[in-house]
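Q: Could you work out the structure for the sequence below:
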Amino acid sequence: MSSDQSAPEPNGVAVKVLATVDLGGEIEGMAGRQLRMRMVTLEPGGVFGPIHDHAGRPGLVYILQGTITDHRNGVATEYGPGVGWPEDRTTTHWLENRGTIPAVEISVDIVRQE
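A: You can find the predicted model right below:
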């Protein structure tokens, strides 16, 4: 699938929060925000969707294992181990694992505290 406009339903995804830091006490003006690190596993055929943006939630992704296909602006880009991508206010995308082994990423972002 190569179109951002037709992301399949989310499936085959496990998300584990590894750590968080309350940024309110660390950086002036960041009250109510936290730095979050997660491990996301996409099983073969798994989809991390729906289409979503990162406005107000910037982050970085690093691939540990497998290959993740990032769908943005009608373009599908594959990323393998050791490679990742930024997620900023202009990012609107969805992800999938087209491979035969689980794909594992580390995602670090700034989010509003829950």
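Q: contacts, neighbours, all on C-alpha from now
A: Will do.
Q: For this structure, which segments count as strands?
A: Counting by DSSP state E, the chain has strands at residues 11-22, 33-53, 59-65, 68-72, 75-79, 84-87, 92-96, 103-112.
Q: Can you redo the ones you listed as CSV, where the extra columns are mean neighbour count and mean pLDDT?
A: Putting the strands of the chain into CSV (neighbours: other Cα atoms under 10 Å; pLDDT from 0 to 100) gives the following:
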stretch, mean neighbour count, mean pLDDT
strand 11-22, 14, 97
strand 33-53, 19, 95
strand 59-65, 18, 97
strand 68-72, 22, 95
strand 75-79, 16, 95
strand 84-87, 16, 92
strand 92-96, 23, 94
strand 103-112, 21, 97
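Q: Wait, G82 touches Y62, no?
A: Yes - contact criterion Cα atoms under 8 Å: G82 and Y62 qualify, at 6.4 Å.
Q: Contacts for stretch 78-86 next, please.
A: 58-70 (Cα atoms under 8 Å, 6 or more residues apart in numbering).
Q: Nearest to G12 among those residues?
A: When the contacts of stretch 78-86 are ranked by distance to G12 (Cα to Cα), I68 comes first, at 12.9 Å.
Q: and the closest one, bridged to which residues?
A: Y79 (DSSP bridges).
Q: Quick check, it in contact with A103.
A: Yes - with contact defined as Cα under 8 Å, I68 reaches A103; the gap is 6.4 Å.
Q: and for these two, which residues touch both?
A: Joint contacts of I68 and A103 (Cα under 8 Å, 6+ apart) are N97.
Q: any idea of the pLDDT on A7?
A: According to the prediction, A7 has pLDDT 73.
Q: what about it, how many residues close to it?
A: Look at A7: counted by other Cα atoms under 10 Å, it has 19 neighbours.
Q: now the most far-flung residue of the chain relative to its centre: how far from R112?
A: Within the chain, E28 marks the point farthest from the mean C-alpha position, 26.4 Å out by Cα atoms, centre = their mean. In this view, E28 and R112 are 15 Å apart by Cα to Cα, to the nearest Å.
Q: Over to P44?
A: Computed as Cα to Cα, the P44 to R112 distance reads 31 Å.
Q: just N97 next, same as before
A: Applying Cα to Cα, the value for N97 to R112 is 28 Å.
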